[in-house]
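Undergrad: got a predicted structure here, sequence first:
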Amino acid sequence: MSTAVLDMPTSTPTRTAIVPIGLDRIVLTGFMGSGKTTVGGLLAEQLGWRFLDLDHEIERRAGRTVPQIFAESGEQHFRRLETATLVSLLGQRRVVIALGGGVPEELGNRLLLEQTPRTAVVYLAAEFATLIERCRKQGIERPVLADEAIAAERFARRKPHYERISGHRIESETAEESVRAVLEKLAGRG
Ligand code: S3P
């Protein structure tokens with residue numbers, strides 16, 4: 001049975017994949033709804049690496065949820081926490097990191113990602129309509145999705161950044177397909 005990109009996996013074998021040579025971390029980027037968290041979790045499990053979700057880590061450190069941070073302290077404050085947390089996660093080894101959708105919009109974050117050695121950045125791509133539909137189905141509160149027209153503008157603005165910072169682009173229907181595609185690309189077979 002295949003896992004829809006945003007459903008959590010039910011059962012997955014552990015450490016079935018060969019760790020890509022020369023890499024210490026795999027970073028997943030893409031807009032909201034691209035499946036970064038689901039794919040990242042599965043990928044980490046197959047590699048026997050740790051999975052780190054940037055939003056969860058921000059929430060853990062702040063002791064507040066992302067929507068709370070946006071509502072109480074504003075987006076700029078959230079972006080500062082996001083960059084500080086990104087720096088710290090990029091210092092870890094043998095990790096798969098799922099970024100938040102807005103990370104590549106900040107020049108400083110793009111430079112950080114480009115300059116961190118032994119790091120593969122992978123873009124999980126999909127059309128805007130598909131992403132929005134997945135997010136709606138998922139039902140998670142996302143402040144940035146409150147206004148769909150503004151979200152569409154953000155998507156258009158970010159798309160070239162997702163593409164430019166990534167060494168690999170994946171466009172798959174299911175999480176399992178995405179994991180397979182990432183591993184193939186990183187092994188140079190994709
Ligand atoms: C955001 C995406 C969210 C989260 C925050 C802002 C964005 O992460 O970081 O709500 O600006 O696109 P996901 O992409 O994991 O939903």
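TA: Alright, I've got the coordinates. Numbering: from 1, shown residues only.
Undergrad: quick check: chain neighbours aside, which residue is closest to the residue of the chain most remote from its centre?
TA: Computed with C-alpha atoms, centre = their mean, the residue of the chain farthest from its C-alpha average is residue 72, at 24.4 Å. Nearest in space to residue 72, with sequence neighbours left out and distances taken as C-beta to C-beta, 6 or more residues apart in numbering, is residue 64 at 7.1 Å. Quick note: C-beta positions are derived from backbone N, CA and C, even for glycine.
Undergrad: give the burial count for the one you found, as a bare number.
TA: Around residue 64 sit 17 other residues, with neighbours defined as other C-beta atoms under 10 Å.
Undergrad: that one: which element?
TA: Residue 64 belongs to no helix or strand when assigned by DSSP states H and E.
Undergrad: and what of residue 68?
TA: For residue 68, the enclosing helix or strand under DSSP H and E is helix 66-73.
Undergrad: packing partners of the next helix or strand after that helix?
TA: Remark: after helix 66-73, the chain's next helix or strand is helix 75-89, criterion DSSP H and E. On a contact count with 3 or more C-beta pairs under 8 Å, 6 or more residues apart in numbering; DSSP states H and E, helix 75-89 meets helix 54-62, helix 66-73, helix 107-115.
Undergrad: most packed of those helices?
TA: Each of those was assessed for mean neighbour count using mean count of other C-beta atoms under 10 Å. The highest is helix 54-62, with a mean of 18.
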